[in-house]
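Asker: What follows is a predicted structure for the sequence shown.
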Amino acid sequence: MKIFRSLRPSAAFYLCGSSPVEYATASSLENSVVESVLGSRWDAVEAAVPALTPPLVTTVIRRLRPHPRLIPTFLQRIGLDRLELSSLSAAASELAGLGEALPALDLLKQAIAGGKIQSGPELFESLVAAAMESADGALPVFELLLRALWESGKPEEALEAFYFVKETGARPKIEICNGLLSAFLRTNRLGSAWRLYAEMFRMKIQSNTATFNIMINVLCKEGKLRKAVAFLQIMESSGVRPTAVTYNTIIHGHCERGRVDIGLEILDSMREKGISPDSYTFGILISGLCKRGKLEEASAMFSEMEESSAAPTAVTFNALIDGFCNKGDLETAFAYRTKMEARGIDPTVATYNMLLHALLMERRNAEADRLVEEMEKKKLAADAVTYNILINGCSRAGNVERAFHLFEEMSARRLRPTAVTYTSLIYGLSRRKRVEEAHRLFRAAIESGLAPDAVMFNALIDGFCSGGRPERAFELVAEMERRHVTPDEITFNSLMRGLCLAGKVEEARKLLEEMRNRGIEPDHVSYNTLISGYSRRGAVGDALRLRDEMLHRGFNPTVLTYNALIQGLSAGGEGDLAEELLREMWSKGVGPNDGTYIALMEGLAGAGGREVTAPPA
């Protein structure tokens, strides 16, 4: 396509076919409007608006060329609806040279938002024609159009425009190319980023540091970490010096995929090149180490960070606090919170959420309440995550009433409940044997537009199974599959427990095979549930065979396994075998608990009342 096939027609062109009187009237109106604009008589301009045709607007804009700063006000007074493609192109072309204020960019973005600009041949012919009459040429307005398109959320249209620019023989500045590459990166259009980069290469547009950094980021997002490192070498061989941002991108890519060790190696390479790590470098690695549970190394790196000029951020502290909370070391987690405040960094809502969750998991509810009061004093607004943590804590503690109070408070604060919110409440109700209420809440969650996941289904399935209603649980499993939610080992373990409680151990045993057929590997809970079911029914032989199968599949019996077997043997008057199992427990390093001795003593009492002597530890 030849972009330059038409030049801008003169005003007379638009008046061809008009009578002399009409031409004179138009000419008089044009002069009047121009004079009014130059004299800032905006009332007169607005009065003339109904008579202004798009061609006439274009002519006025051309005549205002010596005074381009008046053009935006003129356009504002007459309204964008008075512009058509030629007048819009003329205005954008004249405004393109105004510099930092970039009124042309604003104009183009407004036109895009209003649907007046659609990237295509017509637009470019119009822009080229308009730009031919501009002292600045076509390139500035083309570059502004590319920017306007990607900033308006239309990066693909900007790429199409880039191809049109290429056909004109113009070469956009590297900064414009980088801006479009960044837009593709932000919107995860990685294929388009590579297409643009290939065009840049063909057009011999020289990449700079920002270009290489963007493309290395693209490779990391694609998971091509080796290629990202290789691209770093290409960057250096091209004479472009990497920066901390370059290395941070590669380190982040590795840490995000759990390859912290390689991230540390890249840090060493970075230092060898004389590039000092910054706050972001340390933050990435500390976060990566914490996620891998390498808390000692993370703490050591934090100390190194403090000794350097890099200042820790709230994100860095939160990574450490989260790591130690997950480990159950709340003392260290709170120590980092104190250090955070000592540095003048205010804890965020995320900081409090992590500490609250850890406290409630350890049933330290009073301390959690004090932390909530502290949040309120600091005027930190609790978010949906905060409420989910508190509701879950109350549900686990059996305080369903307070959990629902928090649920209502959450809605009053216009925080939308999530699947996690409903799951916690369903779990709490189910544990209190209020399974019908839990089921109604489950339906309410679906009606609110939430899609139940396996965790939500499992909470309700467990409630029906615990309440001795496995048939209702199986109905929910059928619904899971209709909704394309895959049952997991927790689903099957609950079903097996429900069947065993109902005395249907053989049916429960069949579920073990169904699990394997579905590619779900049974776990300790699966075997312990069935062993307990057989033992309670008095079928200790079947229970022992399951224990052997459990061993064969690489699972070592737990204290719950032994307790179930001892309970079954004791109830069947097999006290000697039960006592033998107790000795086996000690020999395998499995410490008996109170339940073990209670089961054994009851059995021995029924067999003649012999005393039970615990083997030495």
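Answerer: Nice, thanks for sending it over. Numbering: from 1, shown residues only.
Asker: For the rest of this, base every contact and every neighbour count on C-alpha atoms.
Answerer: Fine.
Asker: after the strand or helix carrying residue 408 comes which helix or strand?
Answerer: Under the criterion of DSSP states H and E, residue 408 resides in helix 400-412. Toward the C-terminus, helix 400-412 is succeeded by helix 419-431 as the next helix or strand (DSSP H and E).
Asker: Would you mind checking which helix or strand in this structure has the lowest mean pLDDT?
Answerer: Within the chain, no helix or strand scores below helix 11-14, which has a mean of 35 by mean pLDDT, DSSP states H and E.
Asker: What strand or helix carries the closest residue to residue 473 other than its chain neighbours?
Answerer: Once flanking residues are discounted, residue 473 sits nearest to residue 461: 4.8 Å by CA to CA, 6 or more residues apart in numbering. Following DSSP H and E, one finds residue 461 within helix 454-466.
Asker: Next: residue 104.
Answerer: For residue 104, the host element (DSSP H and E) is helix 103-113.
Asker: where's that helix relative to the chain centroid, distance-wise?
Answerer: Distance of helix 103-113 from the chain centroid (CA atoms, centre = their mean, to the nearest Å) equals 31 Å.
Asker: for residue 318, what are its contacts?
Answerer: Contact analysis of residue 318 by CA atoms under 8 Å, 6 or more residues apart in numbering lists 350-351.
Asker: hmm, try it at 10 Å
Answerer: 287, 324, 333, 336-337, 340, 347-348, 350-352, 354-355 (CA atoms under 10 Å, 6 or more residues apart in numbering).
Asker: Just say helix, strand or coil for it.
Answerer: helix (DSSP: H, G, I helix; E, B strand; the rest coil).
Asker: Tell me the confidence at it?
Answerer: Confidence at residue 318, expressed as pLDDT, is 96.
Asker: before we move on, what about the one 4 residues further on?
Answerer: Residue-level confidence at residue 322 comes out at 95, pLDDT.
Asker: so the helix holding residue 408 versus helix 419-431, what angle?
Answerer: Put simply, helix 400-412 runs at 160 degrees to helix 419-431, going by axes from the mean of the first three to the mean of the last three CA atoms, to 10 degrees.
Asker: which residues are in contact with helix 400-412?
Answerer: By CA under 10 Å, 6+ apart, the surrounding residues in contact with helix 400-412 are 382-384, 386-388, 390-397, 414-417, 421-422, 424-429, 431-432.
Asker: Also stretch 182-192?
Answerer: Contacts to stretch 182-192, defined as CA under 10 Å, 6+ apart, come from residues 147, 150-151, 153-156, 158-159, 176-181, 193-194, 196-198, 210-211, 213-215, 217-219, 221-222.
Asker: Could you pull out the helices in the stretch 201-350 of the chain for me?
Answerer: 209-221, 225-237, 244-256, 260-272, 279-291, 295-307, 314-327, 330-342, 349-361 (DSSP state H, counting those that start in this stretch).
Asker: can you dump the C-alpha coordinates of the fifth one into PDB?
Answerer: If I follow you right, that is helix 279-291. Provided in PDB are the C-alpha atoms of helix 279-291 (Å, rounded to 0.1, in the frame of the first residue of the first chain):
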ATOM      1  CA  SER A 279      16.700  -3.200  47.800                       C
ATOM      2  CA  TYR A 280      14.700  -5.100  45.100                       C
ATOM      3  CA  THR A 281      17.600  -7.600  44.600                       C
ATOM      4  CA  PHE A 282      17.700  -8.400  48.300                       C
ATOM      5  CA  GLY A 283      13.900  -8.400  48.600                       C
ATOM      6  CA  ILE A 284      13.500 -11.000  45.800                       C
ATOM      7  CA  LEU A 285      16.100 -13.400  47.200                       C
ATOM      8  CA  ILE A 286      14.800 -13.000  50.800                       C
ATOM      9  CA  SER A 287      11.300 -13.700  49.700                       C
ATOM     10  CA  GLY A 288      12.500 -16.700  47.600                       C
ATOM     11  CA  LEU A 289      14.500 -18.200  50.500                       C
ATOM     12  CA  CYS A 290      11.500 -17.700  52.900                       C
ATOM     13  CA  LYS A 291       9.200 -19.600  50.500                       C
END
